[in-house]
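> Quick one, fold the following:
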Amino acid sequence: MTEHNITRIQLDDKEVVLVGTAHVSKQSAEQVRDVIEAEQPQSVCVELDEQRYQSVRDGNKWKNMNIFKVVKEKKSTLLLMNMMISSFQNRVAKQFGIKPGQEMVQGIESAEEVGAELVLADRNIQTTFSRVWRSIGMSGRAKLMMSVFYSIFNRETISEEELEKMKQQDMLNSVMQEFTEAFPRLKKPLIDERDQYLAEKIKQAPGEKVVAVLGAAHVPGVKREIHREQSLDQLTTVPPKSKVPKIIGWAIPLVIVSLILYTFMNNPGAAYQQTLSWIIWNGSLSAIGAAVALGHPLTVITAFLVAPLSSLNPMLAAGWFAGLTQTWIRKPNVSHFENLSEDVQSLKGFWQNKVTRILLIVVLTNIGSSLGTFIGGADVIRVFLENL
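Reported below is the predicted structural model:
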């Protein structure tokens, strides 16, 4: 058995065998099978949490999604981001004729075959996403979303030989260096903290021999962190939300309403102009967002009517109302959920599938509403200053 991409670590009376994989590589899945069969470990750790484990075990997960619930619980953006992030991996996996994450599936199956205990060693994906989102700031979020959107537009293909090269230490360090430079605040919650979490879960796995199936990017960090004490409680705590966005969210409508009322007492005509500007900018840009996402005409109208009011209440969002309207009028059927994994692999598919179209309507309508708030608010201030 080749030792390529395999790292052995001795922890007192426990031997840990790390298998560094590429998540869309045939060779990785085959190597995972060979290593577990040869080592006969008492435990097999896989880079999955409970949610992703259920996803790889249940091929019908999309059929069971309640799109009404997703929109009402304000999870549209999170779900859309997850779909976009997975689209690149799915396309590469399709290029090589395998399922994404096949090496993790192989780890699960091989653990069952040799009678090893399966350990889900990764941190909950929701916790990771929350810690990422709250640590990178507004500019970081914008850069992250741009990169995610680029992954859909980018149609480049890579060879499996290039994919395997990325599992070499020197290449990996080079890639991680570029990653850190592009997203310096993203690396800590997405890579470093998960290295610590994975290392502790692997260390706690029962048995004298443990095989851990990890993405190659985590192997150097796990090698380093496994010799240190880690606190799983600290690593799973979600940082509290910053109060600044909430303060700004309430301050903007308070200022807008105050300026319009003050102007009304001095010049009712100017106040009418302010109100009309606020309605037109908010409504129009929200409606444009819904229209770009190919929303039903009633969905576009809903976005136009709701946005001027929802922009004055941070607890509401025009996109939620537009999304719910679209869901009511164009409710997805089973086929749309069944085709999700295929449709998210292309930009065209995102707009054609009724499920992703609803998510796009929510997100783009909210973006339009936000732009309308700033432009309309600026015009309200302009008219106010002109009538002082």
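> Now stretch 287-301: average pLDDT?
Throughout stretch 287-301, pLDDT has a mean value of 95.
> Sorry, wrong one. I was asking about stretch 103-110.
Average pLDDT, stretch 103-110: 91.
> can you pull out the strands in this structure?
Taking DSSP state E as the test, the strands found in the chain are 6-11, 14-21, 43-46, 117-120, 209-215.
> Give me the nearest residue to residue 323, chain neighbours excluded.
Among residues not flanking residue 323 along the chain, residue 362 sits closest, at 3.9 Å (Cβ to Cβ, 6 or more residues apart in numbering). C-beta coordinates here come from the backbone N, C-alpha and C atoms, glycine included.
> want to throw the strands of the chain into a markdown table with distance to residue 310?
Converted to a markdown table, these look like this (distance: least, Cβ to Cβ, whole Å):
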| stretch | distance to residue 310 |
| --- | --- |
| strand 6-11 | 53 |
| strand 14-21 | 45 |
| strand 43-46 | 43 |
| strand 117-120 | 40 |
| strand 209-215 | 41 |
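> For the stretch 251-388 of the chain, which segments are assigned as helices?
268-292, 297-310, 318-329, 334-338, 340-343, 347-352, 354-386 (DSSP state H, counting those that start in this stretch).
> most tightly surrounded among the strands of the chain?
Across those, averaging neighbours per residue (mean count of other Cβ atoms under 10 Å) puts strand 43-46 on top, at a mean of 27.
> and among the helices of the stretch 251-388 of the chain, the most buried is which?
helix 318-329 (a mean of 24).
> Does anything pack onto that one? Which helices or strands?
helix 67-72, helix 76-95, helix 268-292, helix 297-310, helix 354-386 (3 or more Cβ pairs under 8 Å, 6 or more residues apart in numbering; DSSP states H and E).
> residues making contact with it?
67-68, 71-72, 74, 76, 282, 286, 289-290, 295-296, 298-300, 302-303, 306-307, 310-311, 357-359, 361-366, 368-369 (Cβ atoms under 8 Å, 6 or more residues apart in numbering).
> pLDDT below threshold where in the stretch 251-388 of the chain?
For the stretch 251-388 of the chain, the stretches with pLDDT under 70 are 333-347.
> change it to 90
For the stretch 251-388 of the chain, applying pLDDT under 90 flags the ranges 251-253, 266, 313-317, 324, 327-328, 330-360, 363, 386-388.
> ok, now the stretch 51-200 of the chain?
Looking along the stretch 51-200 of the chain with the criterion set at pLDDT under 90, you get 51-105, 124-192.
> at 80 instead, please
For the stretch 51-200 of the chain, applying pLDDT under 80 flags the ranges 51, 55-101, 126, 129-130, 132-187, 190.
> So the chain: which segments form each domain?
6-235, 243-386 (automatic domain parsing).
> Quick one: end-to-end distance for the shortest one.
End-to-end distance for domain 243-386, by Cα to Cα, to the nearest Å: 33 Å.
> can you check the first one too?
Using Cα to Cα, the end-to-end distance of domain 6-235 comes out at 27 Å.
> same check, this time on stretch 219-237
Termini of stretch 219-237 sit 24 Å apart (Cα to Cα).
> for the record, mean pLDDT for that stretch?
Averaging pLDDT along stretch 219-237 gives 92.
> Give me the residues contacting that stretch.
Here stretch 219-237 makes contact (Cβ under 8 Å, 6+ apart) with 7, 9, 11, 16, 18, 20, 123-124, 127, 169, 172-173, 176, 191-193, 195-203, 212, 214.
> Show me the one of the helices and strands packed on helix 318-329 that comes nearest residue 252.
Closest approach to residue 252 among those is made by helix 354-386 (6.3 Å; Cβ to Cβ).
> now the angle from the closest one to helix 318-329?
140 degrees (axes from the mean of the first three to the mean of the last three Cα atoms, to 10 degrees).
> mind checking how far helix 354-386 is from the chain centre?
Its chain's C-alpha centre and that of helix 354-386 lie 23 Å apart, by Cα atoms, centre = their mean, to the nearest Å.
> swap in stretch 291-306?
Distance of stretch 291-306 from its chain centroid, counting by Cα atoms, centre = their mean, is 25 Å.
> For residue 10, give me its contacts.
residue 16.
> again, but for residue 273
residue 383.
> Distance of it relative to residue 45?
65 Å (Cβ to Cβ, to the nearest Å).
> The closest residue to residue 354 other than its chain neighbours: neighbour count?
Leaving aside its chain neighbours, residue 354 sits nearest to residue 332 (4.0 Å; criterion: Cβ to Cβ, 6+ apart). When neighbours are counted by other Cβ atoms under 10 Å, residue 332 registers 20.
> And for residue 263?
With other Cβ under 10 Å as criterion, residue 263 counts 23.
> Over to residue 47: give its phi and psi.
With angles defined as degrees, to the nearest 10, residue 47 sits at phi -80, psi 70.
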